[in-house]
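Starting from these lines, generate the structure:
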Amino acid sequence: MTRLTALALPLIALALAPTAARADVVARAASPDGHITLTISLDGEGRPSYAVQRNGKPLIADSRLGFMFTDAPKIERNLTLANARQASSDTSWTQPWGEWATIRDHHNQLTLVFREKGDLQREMDVTFRLFDDGVAFRYSLPDQANLHHANIAEELTQFAFAQGGTAWWKPAYEWNREEYLYNRTPLDAVGTAQTVMTVKLADGTHVALHEAALVDYAGMNLARAEGNIFRADLTPGAGAPKVSRDAGFSTPWRTIAVADDAAGLYMNHMILNLNEPNKLGDVSSWIKPGKFVGVWWNMIKGEWSWARGPKHGATTANVRRYIDFAAASGIPAVLVEGWNVGWDGNWFGNGNAMNFSQPTEDFDADGLAAYAKSKGVTLIGHHETGGSASHYDGQLDTAFKWAADHGEQVVKTGYVTDAGQIERVDADGAKHREWHEGQWMVNHYLRVVQTAAKYHVSIDSHEPVKDTGLRRTYPNWVAREGGRGMEYNAWVGGKNPPEHEANLVFTQLLGGPMDFTPGVLSLSGSEGSTIHSTIAKQLALYVVLYSPVVMAADTPENYARYPGPFQFIKDVPTDWSDTRALNGEVGDYVTIARKAKGSDDWYLGAVGDEQARSSKVTLDFLDAGRSYTAEIYRDGPGADYRTQARHAIVIEKRQVKKGDVLAIDLAPGGGQAIRFVASGGKRKR
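Numbering: from 1, shown residues only. Here you go, the predicted model:
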């Protein structure tokens, strides 16, 4: 169903001439259900601001709008509201893969044209979209007589929370890119935060600030100005402007997701809805969600190496063994890292020796590709740039043709270097240093995805630009890292705490899928160090942390030690037709149920933090009139991430139906995973 109108709507009221003495409301708008309202004001000096109310209560107080430029006066004051356009839309669209098969996009839209009163007479358009669960807005700078090119020094966008609260955030501009634990602080104690930043306000309302459709622009961070007021802080580039573009463009959307609780935030579709539709056409023949194993965990633990030598992991013999294991386990793919020339020596921050179409002499690429194909398995390639992005740019076509010729449907990319140290080399040979989320790198990441699409290859990017929903437009951008994944649990120091995954669900994963690499059933890292998890939690992560390509990160030897739990990893799918967030609190616990695409079966995952936790969930998501066998994997007696009992697990079955209530008991650091097998139903692995 589609409904569009350009007529004056009762939900929007306009007044085009504010008085000069005080701030006046010049426009109003409301969400389709009327619970969220927007007011636009101009103060006595012609400064525009927006404010958001929910259920009649202030949510975002008056917040400024505008731009600063490096070579022209700012656009912020002496503005009038010159024009307004309004529309309403109610559509549905289908994802080729995702958490939901079909997504509804129901919003009201208001576009405002602000014009300067002075000599320049420049115009700045701001478009607002109001959903029942949030507000988004973006700027457009038309090509005009006094603005043909924009060198943007900073946005003057503000987010002024109308009340205090608690924030979950990680710092911007630190050396380790996005790979930091989430801070939990009062809202007025936040520093400069990356998005997604999630806030629980004093009245219990949950808000998540992020952005959507980040294309040819600098990534946005949030700098606290004073009190509970934040301003957009664009990621810098190598030059003075943070963004440089010919006029006639729109910025990414600035998004304010709103819900009564944390679980409600997870059910928000605004980020995807604000992106352009699929530009790749029918991708069903070549984008294949699925699980993979890999020549990886032993390298992360330090037992194997990426570089050539006696410890080299990516040998023909090792890879053949992993192919055999994947085929025997019904797992469709094998990741191989360290297969190519360039890893010898110090490659961190210097990947100029990397060659993505030249294997090492002990890696029989042609033979392994043929062997994998004979076993019904594909290889996942790995392109580690070491931060040498221009060097990678020069190889994109040859690298992805090589990948496609060797049957690789997915390539994992990497940009391992300190933040702000990406190497950019211009056509004249001049070298510059860029941030991972600056405008130049935002464009680089998209070039990679677009080139890969030409060869029917999907991208799982590590050390990436943040996810802003571009998977809708380019569905071959299947996953990203962009946070602290399982690899931190391999190292002796700095392991992820038990609350980490319950933080991720309600922060980073609100932006999109994360390649977390779960499933380490040994619960052991390097030097025998222990992972802060129970074995049941490792299983639950396959449901809780969404990604269409999911690793079974442990080794074949360790999976052989735990055949019971490994069965769930073999069974759980990675593509879904429906998803329900059943409960949760940021950083404490979360329970999610998902229905397998092409199947009648459901799966449930629940994870907690360092405390033992109990909740009850009603099985309202199951089909009425049908019985299910619940295959339950739960923490066993005495299970505790701090003791040897972290491996204690109970695997049991019981019959359930729609409306039944299950108790979800989580040990400290624990979890629970359930497969609901429908009687007489369809199923698809």
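
where exactly do the strands run in the stretch 351-500 of the chain?
Using DSSP state E, counting those that start in this stretch, the strands of the stretch 351-500 of the chain run over residues 378-384, 410-414, 422-425, 431-434, 458-461, 477-480.

Between those, which one is closest to residue 298.
Closest approach to residue 298 among the strands of the stretch 351-500 of the chain (CB to CB): strand 378-384, 14.6 Å. The C-beta positions use only the backbone N, C-alpha and C, and glycine is treated the same way.

Show me what the closest one is packed up against.
strand 333-336, helix 365-374, strand 410-414 (3 or more CB pairs under 8 Å, 6 or more residues apart in numbering; DSSP states H and E).

got a list of contacts for it?
292, 294, 306, 319, 332-340, 342-343, 347, 351, 354, 356, 368-369, 372, 392, 399, 403, 406-414, 416, 460, 549 (CB atoms under 8 Å, 6 or more residues apart in numbering).

quick one: which of the helices and strands packed on strand 378-384 is nearest residue 442?
strand 410-414 (14.5 Å).

Now the closest one: average pLDDT?
Across strand 410-414, pLDDT averages out at 98.

Adjacent strands (with direction) for it?
Sheet pairing of strand 410-414 (DSSP bridges) gives strand 378-384 (parallel), strand 458-461 (parallel).

any idea how far the longest one is from the chain center?
So the one you mean is strand 378-384. Computed by CA atoms, centre = their mean, to the nearest Å, the chain-centroid distance of strand 378-384 equals 21 Å.

Ok, the last one next?
Between the mean C-alpha location of strand 458-461 and the chain-wide mean there is a distance of 13 Å, by CA atoms, centre = their mean.

One more: stretch 397-417?
On the basis of CA atoms, centre = their mean, stretch 397-417 sits 21 Å off its chain's mean C-alpha point.

Stretch 540-552 now?
Distance, stretch centre to chain centre, for stretch 540-552: 13 Å (CA atoms, centre = their mean).

One more: stretch 155-170?
That offset, for stretch 155-170, works out to 20 Å (CA atoms, centre = their mean).

and what of stretch 297-308?
Its chain's C-alpha centre and that of stretch 297-308 lie 27 Å apart, by CA atoms, centre = their mean.

what's next to it, contact-wise?
In contact with stretch 297-308 (CB under 8 Å, 6+ apart) are residues 295, 311-314, 318, 337-338, 343-345, 360-362, 384, 487, 490-491, 520, 525-526, 553-555.

Can you flag the buried ones in the residues you listed?
Neighbour-count burial (16 or more other CB atoms under 10 Å) is assigned, among the contacts of stretch 297-308, to 295, 312-314, 318, 337-338, 343, 360, 384, 487, 490, 520, 525, 553-555.

still on that earlier bit, helices - which of the contacts of stretch 297-308 land there?
Those of these mapping onto helices are residue 318, per DSSP state H.

wait, which of the strands paired with strand 410-414 is closest to residue 137?
Checking those against residue 137 by CB to CB gives strand 458-461 as the closest, at 27.3 Å.

Only C-alpha atoms, please: export that closest one in PDB.
Extracted in PDB, the C-alpha atoms of strand 458-461 (Å, rounded to 0.1, in the frame of the first residue of the first chain):
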ATOM      1  CA  SER A 458      29.500  -9.400  -0.700                       C
ATOM      2  CA  ILE A 459      31.500  -7.400   1.800                       C
ATOM      3  CA  ASP A 460      32.000  -8.000   5.500                       C
ATOM      4  CA  SER A 461      34.100  -5.000   6.500                       C
END
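
can you list contacts of that strand?
By CB under 8 Å, 6+ apart, strand 458-461 touches 286-287, 380, 409-415, 445, 448-449, 452, 476-481, 515, 549.

Also stretch 432-442?
For stretch 432-442, contacts defined as CB under 8 Å, 6+ apart pick out 177-178, 214-219, 235-239, 242-244, 389, 415, 419-426, 463-466.

Mark which of these are buried, thanks.
Buried members of the contacts of stretch 432-442, scored by 16+ other CB under 10 Å, are 177-178, 214-219, 235-238, 242-244, 389, 415, 419-425, 463-466.

and the residue nearest to the spatial centre of the chain, which of the three is it?
Geometric centre of the chain, nearest residue: residue 512, 3.0 Å, by CA atoms, centre = their mean. Under DSSP: H, G, I helix; E, B strand; the rest coil, residue 512 falls in the coil class.

Pull the contacting residues for it.
Contact analysis of residue 512 by CB under 8 Å, 6+ apart lists 271, 467-469, 471, 480.

if we take those residues, which one ends up nearest to residue 618?
For residue 618, the nearest member of the contacts of residue 512 is residue 271. The distance, counting by CB to CB, is 28.2 Å.

Report how many residues lie close to the closest one.
Residues near residue 271, counting by other CB atoms under 10 Å, number 27.

Confirm that it sits in a helix.
Yes: the assignment for residue 271 (three-state DSSP) places it in a helix.

That one and residue 444, how far apart?
Noted for residue 271: a distance of 22 Å to residue 444, by CB to CB, to the nearest Å.

Residue 37 bridge partners, please.
residue 30, residue 53.

you'd agree it is up against residue 27?
No: judged on CB atoms under 8 Å, residue 37 makes no contact with residue 27 at a distance of 11.2 Å.

who has more neighbours, those two?
Neighbour totals were compared for residue 37 and residue 27, and residue 27 leads with 22 against 19 (other CB under 10 Å).

quick one, phi psi at the more buried one?
phi -160, psi 150 (degrees, to the nearest 10).

before we move on, the earlier item: would you list the buried entries among the contacts of strand 458-461?
By neighbour count, with 16+ other CB under 10 Å, the contacts of strand 458-461 hold 287, 380, 409-415, 445, 448-449, 452, 476-481, 515, 549 as buried.

that older thread, just the ones in helices from the buried ones among the contacts of stretch 432-442, please.
Using DSSP H, the buried ones among the contacts of stretch 432-442 in helices are residue 389.

Compute the number of surrounding residues for residue 665.
By other CB under 10 Å, 17 other residues sit near residue 665.

actually residue 328, not the one I wrote
The number of residues packed near residue 328 is 11, by other CB under 10 Å.

next one: residue 367
Other residues within reach of residue 367, judged by other CB under 10 Å, total 12.

pretty sure it is touching residue 323, no?
No: contact criterion CB under 8 Å: residue 367 and residue 323 do not qualify, at 11.0 Å.

Scan the chain for its longest helix.
Assignment by DSSP H gives helix 439-454 as the longest helix of the chain.

any idea how far it is from the chain center?
Relative to its chain's centre, helix 439-454 lies at 17 Å (CA atoms, centre = their mean).

Could you list the domains of this structure?
Domains of the chain are assigned by automatic domain parsing as 13-273, 282-482, 484-514+531-548+564-685.

Please state the offset of the shortest one from the chain centre?
The gap between the average C-alpha position of domain 484-514+531-548+564-685 and the chain average comes to 19 Å, counting by CA atoms, centre = their mean.

for the first one, same thing?
The offset between the C-alpha centroid of domain 13-273 and the centroid of the whole chain comes to 19 Å, using CA atoms, centre = their mean.

quick check: mean pLDDT across it?
The model assigns domain 13-273 a mean pLDDT of 96.

go on, stretch 589-599?
Per-residue scores along stretch 589-599 average to 98.

mind saving the C-alpha coords of that stretch as PDB?
These are the backbone C-alpha positions of stretch 589-599, laid out as PDB (Å, rounded to 0.1, in the frame of the first residue of the first chain):
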ATOM      1  CA  TYR A 589      19.900  -8.600  29.800                       C
ATOM      2  CA  VAL A 590      17.900  -9.100  26.500                       C
ATOM      3  CA  THR A 591      15.700 -11.800  25.100                       C
ATOM      4  CA  ILE A 592      15.000 -12.000  21.300                       C
ATOM      5  CA  ALA A 593      13.000 -14.400  19.300                       C
ATOM      6  CA  ARG A 594      13.400 -14.900  15.500                       C
ATOM      7  CA  LYS A 595      11.500 -16.900  12.900                       C
ATOM      8  CA  ALA A 596      13.700 -18.700  10.300                       C
ATOM      9  CA  LYS A 597      13.100 -17.500   6.800                       C
ATOM     10  CA  GLY A 598      11.500 -20.300   4.700                       C
ATOM     11  CA  SER A 599      10.600 -22.300   7.800                       C
END
